[in-house]
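Peer 1: Next one to model:
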Amino acid sequence: MATLDLTTVRDKDGFVVYFGGQPNEVDTYTFANALVALSDAFQEINNQVNPGYSLELRLEAVGEGSFKARIREIPKTLKSALKFADNRIIWPILVAWLYTHVIDPEKTVITVKTDEVVIEKGSDRVVVPREAYNQAKALPRERVGRHVARAIEAVEADANVTSLGIYKGMHGGEPPAILIPRDEFAIVRNNAEGEGDDDRKRTQTVDAVLGIIKAVFARGDRKWDFVWNGVKIGATIGDPVFVADVMARRYRIGAGDSIDATMEIEQEYDQAAGVWLNVGYRIAHVKKFIPGTSGQDRLQLGD
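Peer 2: Numbers count the residues shown, from 1 in each chain. Below you'll find the predicted structure:
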């Protein structure tokens with residue numbers, strides 16, 4: 001039985017995200033969307049367990065279908081800087097969260113000890129600090145789960161990806177921290193989404209042409225302003241390739257410009273009125289940028 005010990009690991013050591021199968025045939029959007037979603041999951045965990053610190057996560061390709069993630073915590077204040085040694089380690093917390101919330105419990109055995117927790121799946125064992133396990137159980141399921149569900153949704157849509165794994169290094173004889181085979185994608189995604197936990201929420205996916213009113217030239221979850229079917233809406237951009245193109249100035253965005261996109265609409269059921277209400281919008285994929293006719297007037301731009 002192979003064992004992976006994460007009790008002494010540090011975020012600065014980094015970890016490897018691995019896509020199994022035929023990575024040379026995987027669509028670029030699969031890599032990009034899955035990696036961005038996992039990065040967002042790390043950001044959410046960091047916000048919860050390390051208040052006062054921002055997280056910088058850099059991803060670099062280290063092999064076919066493998067990406068090395070390097071993490072750096074940045075203190076927001078001098079007071080936070082003095083407490084840097086007390087920071088909780090992020091990626092063992094994510095590993096513990098995945099095993100306790102979304103990995104099929106019938107395939108795992110979790111043994112809680114005084115200072116560590118032993119997780120067994122098949123012939124492999126992963127050991128995480130007891131503190132990481134406790135932190136993982138206390139995390140808000142919905143906030144972390146939605147990002148994990150997006151990562152699984154991205155790889156699930158690409159038949160060339162047969163598994164998604166997180167490794168301590170480049171397969172140096174150690175078992176994976178997490179390995180999700182394709183036949184478990186749907187289970188993990190449903191568990192991450194909390195399917196059945198709240199039947200008053202749903203997400204509708206639509207194809208839409210949206211007029212751009214306000215563009216945000218900054219990375220993150222800042223909302224752009226659009227006009228859709230004559231109604232002004234605010235929506236985040238979840239397409240990392242389009243965002244990268246905008247940041248690289250491949251588009252000169254002006255008045256009258258639009259995008260042809262796949263949009264996800266978050267809805268909640270109003271029981272009193274008996275109707276579904278739109279409560280949030282997210283641009284999942286920009287299929288086409290549509291320049292306006294004049295191309296001269298400037299839009300209101302976010303910083």
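Peer 1: what sits opposite residue 215 in the beta ladder?
Peer 2: Counting by DSSP bridges, residue 215 is bridged to residue 301.
Peer 1: my read: it touches residue 224, true?
Peer 2: Yes - contact criterion Cβ atoms under 8 Å: residue 215 and residue 224 qualify, at 5.7 Å. Heads up, the C-betas are built off the backbone N, CA and C, glycines and all.
Peer 1: What strand or helix carries residue 20?
Peer 2: Taking DSSP states H and E as the definition, one finds residue 20 inside strand 15-21.
Peer 1: Which strands border that strand, and is each parallel or antiparallel?
Peer 2: Next to strand 15-21 in the sheet, as set by DSSP bridges, lie strand 66-75 (antiparallel), strand 161-167 (antiparallel).
Peer 1: of all those, which lies closest to residue 279?
Peer 2: Among these, the nearest to residue 279 by Cβ to Cβ is strand 161-167 (29.5 Å).
Peer 1: Name the surrounding residues that touch the closest one.
Peer 2: Strand 161-167 is contacted from outside by 15-23, 26, 30, 34, 91, 94-95, 151-152, 155, 174, 176-182, 185, using Cβ atoms under 8 Å, 6 or more residues apart in numbering.
Peer 1: gap between the most centrally placed residue in the chain and residue 148?
Peer 2: In the chain, the residue lying closest to the centroid (Cα atoms, centre = their mean) is residue 37, at 1.9 Å. Distance, residue 37 to residue 148, by Cβ to Cβ, to the nearest Å: 7 Å.
Peer 1: Now do the helix or strand hosting residue 233: which elements does it pack against?
Peer 2: Here residue 233 sits within strand 231-237, counting by DSSP H and E. Helices and strands touching strand 231-237, by 3 or more Cβ pairs under 8 Å, 6 or more residues apart in numbering; DSSP states H and E, are strand 201-216, strand 224-228, strand 275-290.
Peer 1: Just name the most buried of the ones you listed.
Peer 2: strand 224-228 (a mean of 19; mean count of other Cβ atoms under 10 Å).
Peer 1: Give me the angle between it and strand 201-216.
Peer 2: Orientation of strand 224-228 against strand 201-216 (axes from the mean of the first three to the mean of the last three Cα atoms, to 10 degrees) gives an angle of 110 degrees.
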